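Visitor: no FASTA, just this:
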């Protein structure tokens with residue numbers, strides 16, 4: 001194997017470690033998202049465009065993608081902080097916990113928050129306690145948002161060189177470009193597969209909450225909050241499902257213990273089905289079995305926490321792609 005290629009693999013491995021070590025995963029994922037979306041849209045441009053016309057069109061597409069993603073992030077932030085969004089969900093959860101306090105023995109009730117303010121305080125305390133892990137998956141303050149903006153701009157700039165002729169580049173530059181190409185392809189496959197899974201999860205959840213419960217004469221509150229939360233949280237492997245499921249069961253408990261039990265059983269059934277679906281969708285895209293992805297997620301979570309858990313499917317897909325290029329598998 002030529003020296004520049006070996007050096008490109010070493011630099012890629014070091015970069016992967018540094019990204020997770022210094023919590024730059026949101027910036028990298030934002031840059032990859034802009035890069036992949038811009039390239040996908042650029043492939044639809046007229047083939048007879050070349051030179052400056054193609055470059056200007058690429059730049060315009062990159063700017064539109066960046067603005068679209070920023071708008072989505074700001075919309076999500078507004079949803080999380082609006083009175084009709086997560087605030088209403090927290091209020092409903094606090095009301096449910098207050099009812100639960102009156103129904104359970106005093107020894108258990110002492111562990112439950114008594115008021116909305118106390119619930120907010122406990123959540124704030126958890127966020128402070130685990131702030132480093134939370135920030136590693138992108139839910140942080142201004143610093144992470146600035147990193148994401150930088151990542152988007154870099155992703156847009158790299159998309160401009162996607163259609164360049166790399167045959168005339170220096171050996172190390174060309175080798176690093178090949179590594180980045182494999183990474184972007186792995187990200188494309190895994191992330192868009194995860195979007196499909198999240199859409200399926202949201203549709204099944206909506207079927208239960210809107211159709212099944214309604215046929216039983218039960219009206220589920222806060223559907224306009226629960227369903228978007230289910231979709232957004234579903235984009236995070238494993239962790240996201242825990243977030244949305246906890247919210248659904250807690251709101252169901254506010255209706256009755258029977259509805260809460262039914263919701264829990266239905267969600268368990270959904271995720272048993274999703275176990276095979278995930279293996280088919282994600283595993284099919286990256287040519288990996290479910291146990292391989294789970295082992296990768298477990299190993300990286302042990303080393304890097306939540307950031308490793310989120311990065312694991314993309315990193316493993318990238319590794320398998322590189323091994324396949326070298327005919328090792």
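Guide: Ah, there it is. Model, not experiment: these values are computed from the prediction.
Visitor: report the longest helix in the chain, please.
Guide: helix 171-206 (DSSP state H).
Visitor: Show the pLDDT at residue 86.
Guide: If you check residue 86, the pLDDT there is 60.
Visitor: my guess is residue 159 contacts residue 34, does it?
Guide: Yes. Residue 159 lies in contact with residue 34 (Cβ atoms under 8 Å); the separation is 6.9 Å. Every residue, glycine included, has its C-beta placed from N, CA and C.
Visitor: what's near enough to touch the residue lying closest to residue 199 once chain neighbours are set aside?
Guide: Counting by Cβ to Cβ, 6 or more residues apart in numbering, residue 231 is the residue found nearest to residue 199 once chain neighbours are left out, at 7.1 Å. Residue 231 makes contacts with 198, 199, 201, 202, as judged by Cβ atoms under 8 Å, 6 or more residues apart in numbering.
Visitor: Specify the angle between the helix or strand where residue 231 lies and helix 171-206 in degrees.
Guide: Element membership for residue 231, per DSSP states H and E: helix 223-234. Relative orientation of helix 223-234 with respect to helix 171-206: 150 degrees, computed using axes from the mean of the first three to the mean of the last three Cα atoms, to 10 degrees.
Visitor: what is the rounded mean pLDDT of helix 223-234?
Guide: On average, helix 223-234 scores 84.
Visitor: what do you get for stretch 292-309?
Guide: Taken as a whole, stretch 292-309 has an average pLDDT of 85.
Visitor: ok, and the closest non-adjacent residue to residue 248?
Guide: residue 263 (5.5 Å).
Visitor: helix or strand right after whatever helix or strand the one you found lives in?
Guide: In the assignment (DSSP H and E), residue 263 maps to helix 257-286. Once the chain leaves helix 257-286, the next helix or strand it forms, by DSSP H and E, is helix 290-304.
Visitor: And the residue nearest to residue 199, how close does it get to residue 66?
Guide: According to Cβ to Cβ, to the nearest Å, residue 231 and residue 66 sit 22 Å apart.
Visitor: cool, and residue 319?
Guide: From residue 319 to residue 66 the distance is 29 Å (Cβ to Cβ).
Visitor: same check, this time on residue 54
Guide: Relative to residue 66, residue 54 is positioned 19 Å away (Cβ to Cβ).
Visitor: Repeat that for residue 219.
Guide: Distance from residue 219 to residue 66, by Cβ to Cβ: 41 Å.
Visitor: the more surrounded of those two?
Guide: residue 66 (20 against 10; other Cβ atoms under 10 Å).
Visitor: contacting residues around the more buried one?
Guide: 34, 152, 153, 156.
Visitor: Most neighbours among those, please name it.
Guide: residue 34 (26 neighbours).
Visitor: neighbours of the residue nearest to it when sequence neighbours are not counted, just the number please.
Guide: Excluding its sequence neighbours, the residue lying closest to residue 34 (Cβ to Cβ, 6+ apart) is residue 155, at 3.4 Å. For residue 155, the count of nearby residues is 27 (other Cβ under 10 Å).
Visitor: residues contacting the closest residue to residue 194 other than its chain neighbours?
Guide: Among residues not flanking residue 194 along the chain, residue 235 sits closest, at 5.9 Å (Cβ to Cβ, 6+ apart). By Cβ under 8 Å, 6+ apart, the contact list for residue 235 reads 194, 195, 198.
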